[in-house]
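Enquirer: here is my input; please provide its structure:
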Amino acid sequence: MTGTRKGTSPPAEGIGLMEPMRPPEGHIELSNLALDLVAESNRLAGMLHPIVQASVGNLIRSMNCYYSNLIEGHDTHPRDIDRALARDYSTEPRKRELQDEAVAHIEVQRMIDRGDDPPVEPASRDYILWLHKSFCERLPAEMLSAENVDTKQRIRVVPGKLRDGIVTVGRHLPPRPENLDRFLARFEEVFASPSPSRTDRIAAVGAAHHRLLWIHPFTDGNGRVARLMSHAMMRRLGAGGPLWSVARGLGRKVDEYKALLQNADERRANDYDGRGTLLERALVDFCRFFLDVSIDQVRFMTSLLAPAEFLNRARIHVEEEIGAGRLPAGSFALLREAWLSGEFDRGRAPELTGWRERRARETVSALVKAGLLVSDGPRKAVRLGFPIDVVGRWFPQLYPG
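Expert: Okay, the predicted model is just below:
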């Protein structure tokens, strides 16, 4: 549980309280996992046409935000997220707030995925403040507050501003607000540095994830910022991208995720527990978990996007829709071409379907209306879309149940 509180000053806080900052350099198991992650991620990216990657990335951002919300205890239905992206908001205030939260997350991650984020290291103080500001300024005012656990009063959350109160996170008491700049400077020194090796830096993304949560720099929104920062770090290190999300794995193992985070808060008991103030083996355990979950999610998406299997699932579904009269015959040929080529000019529809021009044009229009093909204009080339209605059939198990 996280809460803000007033309190008396504890003993002086030195930045050594959060050491060790990263797992030992050259840790064999973590290094091997980091190399596996890079190889699996590159394999996944190499399977798809870049235009299809961008379309799938839109879907994965929605999924990522769904699981990130779930980790925060906010259960937003995928269909409500889809409607919010189309600016179709619920009239129920709480549901509308969760839709706003989802759109905020997706918009910030889109900036990261497109390279529209700040040209500084994701583990830098400036980038972390940018993440918090960019996410929170998109939220309704009703969501920008946190509760003081002692007085039960609501405290305003200012986008991009470090907290100015004492907080508790379970049994952990994060640094006092006057010390946050020093702890964040040490955090940046360690995790925004171009050394050690890229493999060691990938292995340490989990450590950065935990240590930022340990610092707890903001009154609220720390978990969201930590996951977006981790996503950006993986992307910059060449181990991540828009086609997979660690949040899905963390959300499906949320109890283990939170337990390992808490274990890594513990102080070492003796010289056999490693170096520094905090328990080194617990930090290594969390880094191992973070990498294992990441690799598992890359492999999951690889299995979903394997061309032969994906096209077979899509074909079966489209044939059922044609049989039910909801899609015209010839639809699958167009969807398959969009998958294989990324996009195609509308004028190619007769060639692809075997229909005369008018009927072929009507087939394209029906697929655009269904959201299965999308375009930047009525005369522009078309590419694949993934409306929520087909996700369960084309991407089984992407969402729970």
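Enquirer: please verify my assumption that Met234 contacts Arg201.
Expert: No: counting by C-beta atoms under 8 Å, Met234 stays clear of Arg201, with 10.1 Å between them. Backbone N, C-alpha and C define where each C-beta goes, glycine included.
Enquirer: can you list the buried residues in stretch 362-370?
Expert: The neighbour-count check on stretch 362-370 (16 or more other C-beta atoms under 10 Å) flags Thr363, Val364, Ala366, Leu367, Val368, Ala370 as buried.
Enquirer: among those, which one sits closest to Glu147?
Expert: The closest of the buried residues of stretch 362-370 to Glu147 turns out to be Ala370 (C-beta to C-beta; 44.8 Å).
Enquirer: okay, the closest one: pLDDT?
Expert: In this model, Ala370 is scored at 97, pLDDT.
Enquirer: do a quick rundown of the helices in the stretch 301-401 of the chain.
Expert: For the stretch 301-401 of the chain, the helices defined by DSSP state H, counting those that start in this stretch cover 307-323, 331-341, 349-353, 357-369, 388-394.
Enquirer: closest to Leu44 out of these?
Expert: Using C-beta to C-beta, the helices of the stretch 301-401 of the chain put helix 307-323 closest to Leu44, at 12.1 Å.
Enquirer: so which elements touch whichever strand or helix holds Arg61?
Expert: Assigned by DSSP states H and E, Arg61 belongs to helix 50-71. Helix 50-71 makes packing contacts with helix 78-85, helix 93-113, helix 222-236, helix 246-252, helix 254-263, strand 382-384 when contacts are defined by 3 or more C-beta pairs under 8 Å, 6 or more residues apart in numbering; DSSP states H and E.
Enquirer: how near is Glu107 to Val391?
Expert: Glu107 sits 20 Å away from Val391, going by C-beta to C-beta, to the nearest Å.
Enquirer: and the helices of the stretch 301-401 of the chain as a markdown table, adding distance to His77?
Expert: Shown next, in a markdown table, are the helices of the stretch 301-401 of the chain (distance: least, C-beta to C-beta, whole Å):
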| stretch | distance to His77 |
| --- | --- |
| helix 307-323 | 21 |
| helix 331-341 | 26 |
| helix 349-353 | 35 |
| helix 357-369 | 23 |
| helix 388-394 | 10 |
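Enquirer: out of these, which gets nearest to Arg224?
Expert: helix 388-394 (22.6 Å).
Enquirer: quick check: domain ranges of the protein?
Expert: The chain resolves into domains spanning 2-8+26-305, 307-394 when parsed by automatic domain parsing.
Enquirer: just those: most buried one?
Expert: domain 2-8+26-305 (a mean of 19; mean count of other C-beta atoms under 10 Å).
Enquirer: give the contact list for Ile71.
Expert: Gly223, Arg227, Ala247, Leu250, Gly251, Val254, Tyr257 (C-beta atoms under 8 Å, 6 or more residues apart in numbering).
Enquirer: quick check: the first one touching Glu72?
Expert: Right, the one you point to is Gly223. Yes: the pair Gly223 / Glu72 is scored as a contact, 6.0 Å apart, by C-beta under 8 Å.
Enquirer: pLDDT below threshold where in this protein?
Expert: Across the chain, the ranges flagged by pLDDT under 70 are 1-12, 148-152, 269-275, 401.
Enquirer: for the residue located most distally from the centre of it, give me its contacts.
Expert: Relative to the centre of the chain, the most outlying C-alpha is that of Arg356, 44.4 Å out, by C-alpha atoms, centre = their mean. Contacts of Arg356 were listed using C-beta under 8 Å, 6+ apart, and they are Pro350.
Enquirer: ok, now how distant is it from Val108?
Expert: Relative to Val108, and taking C-beta to C-beta, Arg356 is found at 47 Å.
Enquirer: then Glu189?
Expert: Distance, Glu189 to Val108, using C-beta to C-beta: 25 Å.
Enquirer: then Gln262?
Expert: Taking C-beta to C-beta, one finds Gln262 at 27 Å from Val108.
Enquirer: same check, this time on Ala329
Expert: Ala329 is 42 Å from Val108, by C-beta to C-beta.
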